[in-house]
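Peer 1: requesting a structural model of the entry that follows:
(one chain, ligands or ions: 1)
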Amino acid sequence: MAILNIVKTGDDILKKRSRPVEKIDERVLTLLDDMKDTLAKAQGAGLAAVQVGILKRVVIIDVGDGPIELINPEIISTKGNREVYEGCLSFPDVWVVKNRPVKVTGKALDRNGNEIYFKDMEGLMAQAFCHETDHLDGKVMLDDIVRYVEEGELE
Ligand code: ZN
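Peer 2: Prediction:
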């Protein structure tokens, strides 16, 4: 277990596409464990491997119910559209308004290689799933924003 360094604004790796995990080996399992520790310490809702400098399609999401490990996550379908406030551990102290789907259905592999489905996710879970899969495609939070949040708006 280790706390990894989180890549911050301006690092070009954040714009790179991550590669699918072909085989869930010791290195992937260690990465999952280290990312869980790192996310817990940073108190974020999600972390993609690219944010710790590793271009693999590996994500941890924790929206308050404990960490969920996602390997090769994919969005299958979305419904609706809403504006949400969003932040990112790679952009400390920056908040934006983005358009995100109301409902998201997705899938991923767990650490045992079993396919897991997430049907009609809503709220922060749906948002985090979209945010983290964006990271895997080299998109960052500041791409396609509605607007920046003004100072004092969230207080
Ligand atoms: Zn992020």
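Peer 1: C-alpha from now on. contacts and neighbour counts both.
Peer 2: Noted.
Peer 1: find the centremost residue of the chain, please.
Peer 2: Glu132 (2.3 Å; Cα atoms, centre = their mean).
Peer 1: which residue packs closest to that residue, ignoring adjacent ones?
Peer 2: Nearest non-adjacent residue to Glu132, counting by Cα to Cα, 6 or more residues apart in numbering: Ala48, 5.8 Å away.
Peer 1: packing partners of the longest helix along the chain?
Peer 2: Identified as the longest helix of the chain according to DSSP state H is helix 26-42. Judged by 3 or more Cα pairs under 8 Å, 6 or more residues apart in numbering; DSSP states H and E, helix 26-42 is in contact with strand 46-48, strand 58-61.
Peer 1: 10 Å instead, please
Peer 2: On a contact count with 3 or more Cα pairs under 10 Å, 6 or more residues apart in numbering; DSSP states H and E, helix 26-42 meets strand 46-48, strand 58-61, strand 68-79.
Peer 1: and the angle for it with strand 68-79?
Peer 2: Calculated by axes from the mean of the first three to the mean of the last three Cα atoms, to 10 degrees, helix 26-42 forms an angle of 80 degrees with strand 68-79.
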